[in-house]
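Novice: when you get a sec, could you give me coordinates for this:
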Amino acid sequence: MIKAALIFNNHGKPRLTKFFTYYTEEMQQQIIRETFLLLSKREDSVCNFLEGGTLIGGSDFRLVYRHYATLYFVFCVDSSESELGILDLIQVFVETLDRCFENVCELDLIFHMDKVHYILQEIVMGGMVVETNQTEILTHIEAQQRIEKQEAGIFKQSGRMGGAPARALSAAKSMAPNVNLPKLADLQNISLPSFKKL
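Specialist: Okay, here's the model as predicted:
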């Protein structure tokens, strides 16, 4: 089972933290610090997995990682997981990020954290690997992006409210046809009262 997925830069700043086992926030910070200290001392020519630190579970757990440019991609796993399988999983994750962001960099992880979490969730859920086929993962991500655009009202037509607000209003009208709801044009011109200090 995967206990945690971590991404941090060469200075130890976390860019993604996903714990699949509960730890307090202070413990999570200590695990990230300890993991960074363990990995930052290692040379690039050594093996990409090592025994977990004392905080994450000691010798029963492994840290499997890849170091790409300025980022460490780390998966903390128990002894039931294959280290080589997890290395391959990290490769799939990085390649998927690369395809989604066109040459992924640290800033992509900072400014699109929700999308990075969604990609990770397509690959690993609840500490278990659910998908390793990059084509399937990208198909799901593209479908999610289409839904987000529709709900955000990107497909507005001639000044009409589109997406989720229009669907919510039509659903409310169908549930209570005798209720007199305001028109959409009226909703856009509502002035709110000003609150002045007394």
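
Novice: local confidence estimate at the spatially most central residue of the chain?
Specialist: What sits nearest the mean C-alpha location of the chain, by C-alpha atoms, centre = their mean, is residue 117, with 0.7 Å. pLDDT recorded at residue 117 is 93.

Novice: also the one 10 residues further on?
Specialist: The predicted local distance difference test score for residue 127 is 90.

Novice: residue 18 is in contact with that one, correct?
Specialist: No: using C-beta atoms under 8 Å, residue 127 is not in contact with residue 18; the gap is 9.7 Å. Yep, even glycine has a C-beta here, placed from its N, CA and C like the rest.

Novice: hey, where'd the helices end up in this structure?
Specialist: Ranges of helices in the chain, per DSSP state H, are 25-40, 83-101, 106-111, 113-123, 134-151, 163-175, 184-188.

Novice: dump these to a markdown table, plus distance to residue 6.
Specialist: A markdown table is the format used below for these (distance: least, C-beta to C-beta, whole Å):
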| stretch | distance to residue 6 |
| --- | --- |
| helix 25-40 | 6 |
| helix 83-101 | 11 |
| helix 106-111 | 12 |
| helix 113-123 | 11 |
| helix 134-151 | 20 |
| helix 163-175 | 34 |
| helix 184-188 | 45 |
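
Novice: of these, which is nearest residue 51?
Specialist: helix 25-40 (9.0 Å; C-beta to C-beta).

Novice: any low-confidence regions in the chain?
Specialist: Along the chain, segments meeting pLDDT under 70 span 53-58, 153-167, 169, 172-173, 176-177, 179-198.

Novice: so what's residue 5 bridging to?
Specialist: residue 18, residue 75 (DSSP bridges).
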